[in-house]
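Novice: can you look at this prediction? I've put the sequence above it.
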Amino acid sequence: MFTNGMKEANTNVIEIKDFDKDTIQAIVSYLYTGTLAKKEQATMDLFAASDVYGVTLLKDHVEQLLKGTVTMENCFTLLTFADKHDAKELKRATINFMVKNFAEIQKLKKEWEDLCATNHNLVLDIMAQAIKKV
């Protein structure tokens, strides 16, 4: 990139448009230190960026931290995110949370309708897990 006549070779600048500055700084910091400066940096954006740039150890670390953030308010978002990014452990943890809290989760009509409309396979995964628990 810096040696074969590309724009970056002339400017010594790489422009990254896919992720925000904080996300890229967290990745660079992780590459240098092997640690995440703050737990709250473990976001879906950081997971996605780690995936895109092949920083597997960071991706795995962020997935573990995201598993601990599943709530009633974000479980549908985390589930679809985990499915999209093939985050198997996060997906499993989110489905388990949803099954465990099914009495409350079933009241979230809009979220269920959206999930049914966009990804009925995830609905089937939730139901299959719920049936196993019975």
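Specialist: Looks like it arrived, so ask away. Just so it is clear, the structure is predicted and the values come from calculations on it, not from any experiment. Numbers count the residues shown, from 1 in each chain.

Novice: quick one, helices of this structure?
Specialist: Counting by DSSP state H, the chain has these helices, from start to end: 7-11, 21-33, 44-52, 56-67, 75-84, 88-100, 102-105, 109-118, 120-133.

Novice: what is the orientation angle of the fifth one with helix 109-118?
Specialist: In other words, helix 75-84. Helix 75-84 and helix 109-118 are oriented at 20 degrees to each other (axes from the mean of the first three to the mean of the last three Cα atoms, to 10 degrees).

Novice: gap between helix 75-84 and the chain center?
Specialist: On the basis of Cα atoms, centre = their mean, to the nearest Å, helix 75-84 sits 7 Å off its chain's mean C-alpha point.

Novice: now that helix and helix 56-67, what's the angle there?
Specialist: Interaxial angle of helix 75-84 relative to helix 56-67 (the same axes, to 10 degrees): 160 degrees.

Novice: packing partners of helix 75-84?
Specialist: helix 44-52, helix 88-100, helix 109-118, helix 120-133 (3 or more Cβ pairs under 8 Å, 6 or more residues apart in numbering; DSSP states H and E). Using the backbone N, CA and C atoms, a C-beta is placed for each residue, glycine as well.

Novice: reformat those as a markdown table; add mean pLDDT, distance to A37 and mean neighbour count.
Specialist: Formatted as a markdown table, the helices and strands packed on helix 75-84 follow (pLDDT from 0 to 100; distance: least, Cβ to Cβ, whole Å; neighbours: other Cβ atoms under 10 Å):
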| stretch | mean pLDDT | distance to A37 | mean neighbour count |
| --- | --- | --- | --- |
| helix 44-52 | 93 | 11 | 20 |
| helix 88-100 | 97 | 21 | 19 |
| helix 109-118 | 93 | 32 | 12 |
| helix 120-133 | 92 | 33 | 13 |
